[in-house]
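[1] fold the following for me, if possible:
(chains A, B and C, ligands or ions: 1)
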Amino acid sequence: MSLTIAVTGMNARADNPGPGLAVARCLKESALAPRVIGFGYEALDPALYHRGFVDRGYLLPYPSHGEDALLARLTELHEREHFDVLIPCLDAEMQSFARLAPTLTGMGIRTFIPNSHQLALRSKDRLPELAAATGISSPRTQAVYQANFFHTCEAQGWRYPLMVKGLFYDAKLAYNADEAVAIFHRIAGEWGVPILAQSWILGEEINLAGVGDGLGGLAGAVMMKKRALTDKGKGWAGISIHDDELLFAAKRFCEVTKWRGGLELEMLRDEQGNLHLIEINPRFPAWIYLSAGVGCNLPDLLVRLALGEQLLPTPPTPAGVLFIRYAEEAIVSLADFENITVLGETLRFGALA
Amino acid sequence: MSITEKKPAWVAPVIVRHSSSGMNKFGGVREAQFRNEIAGVSIAELVEKYGSPLFVLSEEHLRQSVRRINRAFSTRYAKVRQAWSYKTNYINAVSAILHQEGCDAEVVSEFEYDKARRLGVPASRIFFNGPHKPRSALAKAVKEGARIHIDHLDELALLEEVANEQGVLEFPVTIRLNFDTGFTENWGRFGFNLENGQAMEAARRIAASPNLKLTGLHNHIGTFITDPRAYTAQVGIMIGFMNSVEAATGCTITTLDIGGGFASRNALQGVYLPPEQITPTAEQYAEAICGALAVGLKNREQNGKPLPELILETGRAVVDEAEWLISSVVANKRLPDGRRAMVIDAGVNILFTAFWYNHEVRPARPVEGIPEDTVLYGPLCMNIDIVRQSVSLPPMKTGDLLSFWPVGAYNNTQWMQFIQLRPAVVLVRQNGQVDVVRRAETLDDVENPEHLPIDLQPNFS
Amino acid sequence: MKNTLLASKRLAISESGFVFDPVSGQSFSVNETGLVILHLAQHEDDLDKLVEQLAEQFDASILEINRDVQDFIYRLKGFLK
Ligand SMILES: Cc1ncc(COP(=O)(O)O)c(C=O)c1O
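    Down below sits the predicted model:
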């Protein structure tokens, strides 16, 4: 029987996609040929309706509603779908899934995700500690609870411009205190406090997507340099690269944290050529389909690890393969839309309009 | 029609428009769950017997909570004491239970000091904080041997005078410090600042006084601190100061009082993640604090100094989760902008913490129907009387009961008597019995302190 | 009120409580009672009569039903503008 894999992060918005659809696509192209179930949080999450990659879509309660509600819903859906593996793809839900992981395992749903402690280690407000532990340099970062910080921070040695970031999502460069305060309130309004202040380094960003094997090793990795950005600063084209220092940093990170599961490392090479760790995301990035594109399908690798397969080290991936993202519309029947609003699930056979 | 063919009950009709976000029928699940009992006692029966609104305390929850904190710390550090922070909830039954559990008292005013004394707390087990301790209070505290925490230089001078008058020498005192931990905003208005040298200056003045002797350091970094690292920083800084002040003045510090501030599982407004994910456990706080003590005090005994006693003034984390507020729906409303609203019989007059926290709100019975975002208004005539800006609730009828949790911290002390009498507070005992620990107020309670001059008596005949 | 009841005839009503307005392109969810009202409104555009019919079906006073239905129609009116 084929595997059933649940994937979250169906919010494949054109300008700022969640990673779920790309993960589903990788899985559909893997030799595992699984059934893929999409877990979304909004009736308009586009990937819920993408019948090519997602066989059926369901809504989950928001992470902010707590674990009891989430577990109740997962239990109900598991009885119907019998998930073999669950792949969470969004930052804001990782803590919930990490805490539920033992319970899910008991139910027969395997996950391959970091535990709460590992998650805390890479939390954006702990970057300096992590940097110290791994010996990787990182920009000064501080959790900020009051907007007034941005008016007084220069006395503590901060310099504008500086980055203002949400704990989960969103980041923007502020050129002065007033801008920073405005960004603080905008992000805090959506994602709450703390907000992070991060000193800004001029340089070129490079990224790595990988899978930690949970034993201190990096089971596979793909590296990428963004080549074009949307006006929101999201990558819409990129090219695979091979950078030994970046790869080394990812290996160090896995070694120190015994990272288990998908990850994305965002690093910056400054004008002197030094690498700085900007951010670590505890899940696959939205550009993860590039991994299948270069022949190192990381979601497939993660599922195999979750199933306990013994794996050979993956070979280095070729540099010079591009991805260029485009937008596409899913056609959804009123009946399908009705079903998701009323029952929280798409129709079994995606009736077309 | 026969009796068995009873007509179905009427449920108010609801229509909600689908928007581009927030369209998730599972979005409201958290609040749709109901709670019909507290510590095993039916909410409906409690209200029937004691009226609505009603505060309900659970003895079991309170004891478990203080024990857990105690265990977390005493297994990690040899000398720990909890001082019950009276301001958080000074209903006698609450304080008494906590004293039974071994807590000392932490008070911040003469009123609280007298309250603790009347309950039988020995002065030597009262930690006396606060920016305003009148001469009478200081005189009493010195005479009885309380543990005084000095807040400012004027108080230091007054205390010295008082001790001198009583002929007391070397009265042991603590100074309250303030400093920047890098994690929280410094409550700089209390105590002596460390960075600018005020604190050292105060220590020198004490050292120079024959009447006083510096034996303790105190600091309180704020309330609802969700990052335990703030305490690691706090303890490190306090130990650093302890070493310098001992070196500079020859004193010996025997207590380190780190104040309160541990978070409860309440949802602070503006925080995205649910409380169970952001609120550290007692063990996590203990780890951060005792870890810092272990590092900072490593060589202390070798250097001939005693290990200081660690004092915790935990308030919120002890009591918040041990109390509920029950309130009844008074009316359903539709606001001019289309939002749904409910008027309930408990307002910010008794649920003061509604200004900062989104309490968990649960109906007291399973309620069918589409949940809708609802504003909860209290019974006051003021626009600010909003118990909740927005909470997803199914349709409810007048008379339906809602429980709010956690409400044990700062409500029974900050509540105000404004156009309403304050309701009863009951305690569910460990054996299931219910005791009224504060009866509902009466008109007499409010008017007793008044005097109406006889010629002002209105005459409507 | 009457106009709103008339306008509600254009709605596509599904037994699931999903309601679609083909004129505005908006969609809505109604609960069971809301569904009953919308169904009744397909043939009845006199509010008082509609309330009477509901009172026959449900266990509640005319007063209570009338108030709730008014509130419902008032909301609907805002949506069908
Ligand atoms: C000096 C002092 N100690 C202890 C507390 C209790 O704090 P919490 O309830 O946050 O534990 C407070 C509260 O304001 C305080 O001011």
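
[2] quick check: chain neighbours aside, which residue is closest to residue C:58?
    Distances taken as CB to CB, 6 or more residues apart in numbering or on different chains place residue B:10 nearest to residue C:58, at 4.2 Å, with adjacent residues excluded. The C-beta positions use only the backbone N, C-alpha and C, and glycine is treated the same way.

[3] what of residue B:70?
    Using CB to CB, 6+ apart, the nearest residue to residue B:70 is residue B:82, at 6.2 Å.

[4] pretty sure that neighbour sits in a strand.
    Yes. Under DSSP: H, G, I helix; E, B strand; the rest coil, residue B:82 falls within a strand.

[5] what about it, distance to residue B:176?
    18 Å (CB to CB, to the nearest Å).

[6] how many residues are close by residue A:79?
    Neighbour count for residue A:79, taken as other CB atoms under 10 Å in any protein chain shown: 9.

[7] does chain B sit close to the longest helix anywhere in chain A?
    Assignment by DSSP state H gives helix A:91-107 as the longest helix of chain A. Yes. For helix A:91-107 and chain B, the contact criterion (CB under 8 Å from any CB of the partner chain) is met by A:92, A:95, A:96, A:99.

[8] going by neighbour count, which of those residues comes out on top?
    Busiest of the residues of helix A:91-107 next to chain B [other CB under 10 Å] is residue A:96, holding 25 neighbours.

[9] mind checking pLDDT for the closest residue to residue A:24 other than its chain neighbours?
    Nearest residue to residue A:24, sequence neighbours excluded (CB to CB, 6+ apart): residue A:53, at 4.2 Å. The model reports residue A:53 with a pLDDT of 95.

[10] wait, residue A:53 sits on residue A:36?
    Yes. Look at residue A:53 against residue A:36 with CB atoms under 8 Å: they come within range, at 6.3 Å.

[11] joint contacts of these two?
    Counting by CB atoms under 8 Å, 6 or more residues apart in numbering or on different chains, the shared contacts of residue A:53 and residue A:36 are A:24, A:27, A:28.

[12] TSV please, covering those residues and showing pLDDT, secondary structure and distance to residue A:255.
    Shown next, in TSV, are the shared contacts of residue A:53 and residue A:36 (pLDDT from 0 to 100; DSSP: H, G, I helix; E, B strand; the rest coil; distance: CB to CB, whole Å):
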residue	pLDDT	secondary structure	distance to residue A:255
A:24	98	helix	30
A:27	98	helix	28
A:28	97	helix	32
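
[13] and for residue A:11, the neighbour number?
    Residue A:11 has 23 nearby residues by other CB under 10 Å.

[14] residue A:336: how many residues sit nearby?
    Every residue meeting other CB under 10 Å relative to residue A:336 is counted, giving 23.

[15] does it fall in a helix, a strand, or a coil region?
    Using three-state DSSP, the structure places residue A:336 in helix.

[16] I figured it hits residue A:347, correct?
    Yes. Counting by CB under 8 Å, residue A:347 is a contact partner of residue A:336 at 5.0 Å.

[17] before we move on, back to that, which one's more surrounded, residue A:53 and residue A:36?
    Counted by other CB under 10 Å, residue A:53 and residue A:36 do not tie: residue A:36 has more neighbours, with 27 against 20.

[18] how close does that one get to the ligand?
    Per CB to the nearest ligand atom, to the nearest Å, residue A:36 is found 47 Å from the ligand.

[19] am I right that that residue is in a strand?
    Yes. Assigned with three-state DSSP, residue A:36 falls within a strand.

[20] and it, how far from residue A:63?
    21 Å.

[21] what is the burial count for the closest residue to residue A:341 other than its chain neighbours?
    Nearest residue to residue A:341 in three dimensions, chain neighbours excluded: residue A:43, at 5.1 Å (CB to CB, 6+ apart). Look at residue A:43: counted by other CB under 10 Å, it has 27 neighbours.

[22] which phi and psi does residue A:43 have?
    Torsion angles at residue A:43 (phi, psi; degrees, to the nearest 10) stand at phi -60, psi -20.

[23] around chain B, which positions in chain C sit nearby?
    So chain C meets chain B at C:17, C:19, C:26-34, C:36-37, C:54, C:57-60, C:64-65, C:68-69, C:71-72, C:74-76, C:78-79 (CB under 8 Å from any CB).

[24] around the closest residue to chain C within the stretch 1-150 of chain B, how many other residues sit close by?
    Chain C sits closest to residue B:10 of the stretch 1-150 of chain B, with a gap of 3.4 Å, by CB to the nearest CB. Residues lying near residue B:10 (other CB under 10 Å) number 18.

[25] do the same with residue B:258
    Neighbour tally, residue B:258, other CB under 10 Å: 23.

[26] ok, it touching residue B:309?
    No. Contact criterion CB under 8 Å: residue B:258 and residue B:309 do not qualify, at 11.2 Å.

[27] follow-up on the earlier one: what's near enough to touch the residue nearest to residue C:58?
    So, once contact is read as CB under 8 Å, 6+ apart, residue B:10 ends up touching C:33, C:54, C:58, C:59, C:60, C:64, C:65, C:68.

[28] looking at the residues of helix A:91-107 next to chain B, spot the one nearest chain B.
    residue A:95 (4.9 Å).

[29] can you check the pLDDT for the closest one?
    For residue A:95, the pLDDT comes out at 90.

[30] got the contact list for it?
    With CB under 8 Å, 6+ apart, residue A:95 has these contacts: A:63, A:116, A:119, B:273, B:277.

[31] helices or strands up against the helix or strand the third one falls within?
    It stands for residue A:119. For residue A:119, the host element (DSSP states H and E) is helix A:116-121. Helices and strands touching helix A:116-121, by 3 or more CB pairs under 8 Å, 6 or more residues apart in numbering or on different chains; DSSP states H and E, are helix A:91-107, helix A:127-134.

[32] local confidence estimate at residue 14?
    With no chain named, the answer covers chain A. For residue A:14, pLDDT reads 84.

[33] the chain in question should be chain C.
    Looking at residue C:14, its pLDDT reads 93.

[34] go on, residue A:350?
    Confidence score, pLDDT, at residue A:350: 55.

[35] residue B:269 now?
    So, for residue B:269, pLDDT stands at 88.

[36] how many residues are close by it?
    11.

[37] before we move on, back to that, give me the buried subset of the residues of chain C next to chain B.
    C:17, C:19, C:27-31, C:33-34, C:36-37, C:54, C:58, C:60, C:65, C:68-69, C:71-72, C:75-76, C:79 (16 or more other CB atoms under 10 Å in any protein chain shown).

[38] just the ones in strands from those, please.
    With DSSP state E as the criterion, strands contain C:19, C:27, C:28, C:29, C:30 from among these.

[39] about what we covered before: what about the residue nearest to residue A:341, distance to residue A:55?
    For residue A:43 relative to residue A:55 (CB to CB), the value is 18 Å.

[40] I'd like the mean pLDDT over stretch B:116-134, please.
    Stretch B:116-134 carries an average pLDDT of 98.

[41] ignore what I typed, I meant stretch B:312-325.
    98.

[42] does chain A sit close to it?
    No. Looking at stretch B:312-325 against chain A by CB under 8 Å from any CB, there are no contacts, and the closest approach is 14.9 Å.

[43] how distant is that stretch from the center of its chain?
    Per CA atoms, centre = their mean, to the nearest Å, the displacement of stretch B:312-325 from the mean C-alpha position of its chain is 6 Å.
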